[in-house]
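# give me coordinates for this.
(one chain, ligands or ions: 1)
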Amino acid sequence: MNMMRGAAALIIGASLLACAPDTPSQSAEVKIGAQSVIEPEGHALIDGLIAQMTLEEKIGQMTLFSANWSDTGAVNRESWREDVKAGKVGAVFSLFTAQKTRAMQTIAVEQTRLGIPLLFGYDVIHGHRTTFPIPLAEAASWDLEAIELSARIAGREAAAEGLHWTFAPMVDIARDPRWGRIAEGAGEDVYLGSKIAAARVRGFQGDDLGAHDTILATAKHFAAYGAAQAGRDYHTTDMSQRELRETYFPPFEAALEAGAATLMTSFNALNGVPVTGSSFLLTDVLREEWGFEGFVVTDYTSINEMVPHGYSRDNKQAGEQSLNAGVDMDMQGAVFMTHLEQSIEDGAVKMAQIDTAVARILEMKYRLGLFDDPYRYSDLAREKAEIYSAVNIAAARDIARKSIVLLKNDNDVLPLSSAAQSIAIIGPLGDSKSDMLGNWIGAGDRKTRPVSLTEGLRARYGAGNVTYIKGADYTLGAKPNPDAIKQAVALAQKSDVIIAAMGERWSLSGEAASRTDLQLPGNQQALLEALVATGKPVILVLINGRPLALEWAQNEDNVAAIIEAWQPGMEGGHAIADILSGDYNPSGRLPLTVPRNVGQVPLYYNMLHTGRPVTDAEPNAKFKSRYLATPNTPLYAFGYGLSYTDFKYSKISLSADSLPVSGTLTASVTVTNSGKRAGVETVQLYIQDKFGSVVRPVKQLKGFEQITLDAGQSQTVSFTLTAKDLSFYRADMSFGAEAGAFNIFIGSASDNTRKAAFTLTD
Ligand code: NOJ
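Prediction:
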């Protein structure tokens, strides 16, 4: 067979949207990428195959099994190999390397009746072999090119090992740091999250799915999985249509507009209906409003979980409900495989629905070129050249240092002086390799490849100048250990600089890793306080997968400097050394709000106005919307991050004081690097709709630009706004802007901006 592959994207115009006036999409036009744009030849092939397939073979294409090891749930399918041979499985995940995928593909192609190639998927989340920073960390770079490159490299490495499909990006907005999967996303913000979602899809899929080094992306987990009540993983979500559409949907829309080929359902129930059985989400919104024509895969056994949810009486009914809702592929649950034939006989599902699902799946196999050459991804030579290449490792270091956020730097204690000095690294994260990587490292190597902080600083300052001692235990519930503290303090006292390397073990974030507090786990806090008590300047380097509420450390007289390094990936030790030494001037900015304590959660910058706001003049007034002993303000605001230089902002200049509804308005500021070294500034633009038919957020990010300025250099940054930037779901749920007064804010963080006002006119 030698078929041409198609790639272009379709644009669905206003006509489709006009069909759904009550549930409008944010976009005036929805681009459906990666979808049904194959040549007639491709359709003929797929239709021909479907015409020949038995029902069992069709259901096989709708079945995905894990290769047993590296599972993410409790259900294994021991017989998956036999299932492949019998043509009962169309896709396998967690199986990789050119050799293994080739061997498995040979079975599918040569031993099954129709020889349809398998699709190999995997959780390639932040790197495949070369491990990049966790996705939340990368989001802190605000560097869309670097984020796209990270996904590109992950995709290339994965493709060379025979993988066709990644279960990424996770585009769930997350506003509750108790939820461990906050580590896997892009933080709390709709605008930033949408930009990053699109960048990651572009990275994985490239311009052409038919190229042998691009893989299918999955926008997951649809929808509202990140809003699990109380931050407990897999828990219920319940929210208004407005909140769903305004906050949780846009990153999915952005991912699909960028061409995401597949979409994964989420585990949670949304407003009483398990998502995997929600025809509102999977058909009304996804297919009818957004025009998505890729395929929908469930999360791991999430069809089966509709039974314990109390929604389906048994697996058979769950399978019917999920297929009828719009699911195309069953991940690991074996529900379609076990029950769909009977469901057809019972008339509970229609053959047409099954044929549609199969066609969607085969189309992706076609678009990947698997019908041309089923082995084109399993390439030993490319595998050798690509995996851990010097270029890939350099990119991992580059984005790691761009992801690190300088939170505090009293008296410019950082960067460290370049003269060799005695540096003490103290804390459980100080010489750990595995913790640098975080969760979901796929095929990454936890043991040998990662560069620990001690290794990174020794490489920079010389082995003889850097001493490491553990000093504390980060295990949840670890008892106080005065002896370990004593030894650590003795080392601190004879050192010039103390680096306290603290945070979370890698397994404390990610799936099924929710916490009820945001303090340093184990007995680390006692160590930190003892180190500060020595009177030496303490630099706290945080290595963690979620924001930690470290008010004590931030307080004036305690720690001198704080660096949020997140879980920076395999080059983490070098990247942190780049920051501490000043070889790289920190440029990361928080992609979420860091609370003072867990009681403020959920806390995010673009909250709605209240009728009883606290004022700066009377912060402790009674009968205002506030807590008794904690301010409403966060420990660190969204968008915040320091540099080793300073940036000054001019007043905002507007091209006009009003914006006609079909016109544009330009807002400009001049930013000057007023410090002594070159640096990167992320100029952020927020808007505020002063009055609306529904209450509007106090501030919303609507643009940002990263600029690099030498010491003393200035640059004017301009943003062009249109009415679309001011649009929202109005009282009648129509999407659009309302004429009236707006504020515009431009600055270096959500709480550090200049302000100007304008009017939107009809
Ligand atoms: C469960 C997770 O929720 C999902 O994100 C992941 O892709 C699957 N397991 C497969 O590993």
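
# near the ligand, which residues of the stretch 451-600 of the chain show up?
Residues of the stretch 451-600 of the chain found near the ligand (Cβ under 6 Å from any ligand atom) are Glu511. For the C-beta atoms, the positions are set from N, CA and C on the backbone; glycine is no exception.

# run through the residues that contact the most centrally placed residue in the chain.
Nearest to the mean C-alpha position of the chain, by Cα atoms, centre = their mean, lies Gly185 at 2.1 Å. Neighbour list for Gly185: 135-136, 139, 170-174, 193, 226 [criterion: Cβ atoms under 8 Å, 6 or more residues apart in numbering].

# what pLDDT does the model give whichever residue of the stretch 301-450 of the chain sits closest to the ligand?
Taking Cβ to the nearest ligand atom, the ligand has its nearest neighbour within the stretch 301-450 of the chain at Met331, 6.6 Å off. Here the pLDDT value assigned to Met331 is 97.

# spit out the contact partners of it.
Met331 touches 64, 93, 264, 297-302, counting by Cβ under 8 Å, 6+ apart.

# can you show me the strands along the stretch 551-700 of the chain?
Here the stretch 551-700 of the chain has its strands, by DSSP state E, counting those that start in this stretch, at 561-564, 647-649, 653-654, 658-660, 665-673, 679-689, 700-709.

# any chance of these in JSON lines with mean neighbour count and mean pLDDT as columns?
Shown next, in JSON lines, are the strands of the stretch 551-700 of the chain (neighbours: other Cβ atoms under 10 Å; pLDDT from 0 to 100):
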{"stretch": "strand 561-564", "mean neighbour count": "25", "mean pLDDT": "98"}
{"stretch": "strand 647-649", "mean neighbour count": "17", "mean pLDDT": "98"}
{"stretch": "strand 653-654", "mean neighbour count": "15", "mean pLDDT": "98"}
{"stretch": "strand 658-660", "mean neighbour count": "18", "mean pLDDT": "98"}
{"stretch": "strand 665-673", "mean neighbour count": "19", "mean pLDDT": "98"}
{"stretch": "strand 679-689", "mean neighbour count": "22", "mean pLDDT": "98"}
{"stretch": "strand 700-709", "mean neighbour count": "18", "mean pLDDT": "98"}
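
# of all the ones you listed, which one is nearest Met733?
The minimum distance between Met733 and those falls on strand 679-689, with 16.5 Å, by Cβ to Cβ.

# what pairs with the closest one, parallel or antiparallel?
The pairing partners recorded for strand 679-689 under DSSP bridges are strand 700-709 (antiparallel), strand 740-749 (antiparallel).

# CA atoms only: put it into PDB for me.
Presented in PDB, the C-alpha positions along strand 679-689 are these (Å, rounded to 0.1, in the frame of the first residue of the first chain):
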ATOM      1  CA  GLY A 679      17.800  39.900  32.400                       C
ATOM      2  CA  VAL A 680      14.600  38.600  31.000                       C
ATOM      3  CA  GLU A 681      11.300  40.200  32.000                       C
ATOM      4  CA  THR A 682       7.800  38.800  31.400                       C
ATOM      5  CA  VAL A 683       5.600  41.800  30.800                       C
ATOM      6  CA  GLN A 684       2.000  40.800  31.800                       C
ATOM      7  CA  LEU A 685      -1.200  42.400  30.700                       C
ATOM      8  CA  TYR A 686      -4.400  42.100  32.700                       C
ATOM      9  CA  ILE A 687      -7.900  43.500  32.200                       C
ATOM     10  CA  GLN A 688     -10.800  44.200  34.500                       C
ATOM     11  CA  ASP A 689     -14.400  44.600  33.400                       C
END
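
# from now on call the first residue 35
Got it, first residue is 35 now, which makes that one strand 713-723.

# measure how it sits relative to strand 699-707, angle-wise.
On the basis of axes from the mean of the first three to the mean of the last three Cα atoms, to 10 degrees, strand 713-723 is oriented at 150 degrees to strand 699-707.

# make sure Ala258 is actually in contact with Thr271.
Yes - if you go by Cβ atoms under 8 Å, Ala258 and Thr271 touch, sitting 4.3 Å apart.

# give me phi/psi at Thr793?
Note on Thr793: its backbone torsions stand at phi -120, psi 140 [degrees, to the nearest 10].

# where's the nearest residue to Gly265 once chain neighbours are set aside relative to the ligand, distance?
Spatial nearest neighbour of Gly265, excluding adjacent residues (Cβ to Cβ, 6 or more residues apart in numbering): Arg212 at 2.9 Å. Arg212 sits 17 Å away from the ligand, going by Cβ to the nearest ligand atom, to the nearest Å.

# quick one, what contacts Arg212?
264-266, 548-550, 552, 580, 632, 635.

# just the buried residues of the residues you listed.
265-266, 548-549, 552, 580, 632, 635 (16 or more other Cβ atoms under 10 Å).

# from those, which land in strands?
Judged by DSSP state E, these include no members of strands.

# my guess is Ala791 meets Phe779, correct?
No - using Cβ under 8 Å, Ala791 makes no contact with Phe779, being 10.4 Å away.

# who's more crowded, those two?
Phe779 (22 against 13; other Cβ atoms under 10 Å).

# tell me what the more buried one is bridged to.
Taking DSSP bridges, one obtains Tyr720, Lys789 as the residues bridged to Phe779.

# cool, and the one 4 residues further on?
Residues in a beta bridge with Ala783, per DSSP bridges, are Asn786.

# okay, now it: neighbour count?
Counted by other Cβ under 10 Å, the residues lying close to Ala783 total 19.

# surely it meets Ser677?
No - the criterion here is Cβ under 8 Å, and Ala783 misses it with Ser677 at 11.6 Å.

# what's the neighbour count on the closest residue to the ligand within the stretch 285-434 of the chain?
Closest contact between the stretch 285-434 of the chain and the ligand, by Cβ to the nearest ligand atom, is at Tyr334 (3.9 Å). Neighbour count of Tyr334, defined by other Cβ under 10 Å: 22.

# okay, stretch 262-271 in PDB with CA atoms only?
Output of stretch 262-271 as PDB, limited to C-alpha atoms (Å, rounded to 0.1, in the frame of the first residue of the first chain):
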ATOM      1  CA  ALA A 262     -11.800  17.800  42.500                       C
ATOM      2  CA  GLN A 263     -13.500  18.800  45.800                       C
ATOM      3  CA  ALA A 264     -11.000  19.500  48.600                       C
ATOM      4  CA  GLY A 265      -8.100  18.600  46.300                       C
ATOM      5  CA  ARG A 266      -8.700  14.900  46.800                       C
ATOM      6  CA  ASP A 267      -7.800  13.000  43.600                       C
ATOM      7  CA  TYR A 268     -10.700  11.300  41.700                       C
ATOM      8  CA  HIS A 269     -13.200  13.200  43.800                       C
ATOM      9  CA  THR A 270     -16.400  14.900  42.600                       C
ATOM     10  CA  THR A 271     -16.600  18.200  40.800                       C
END
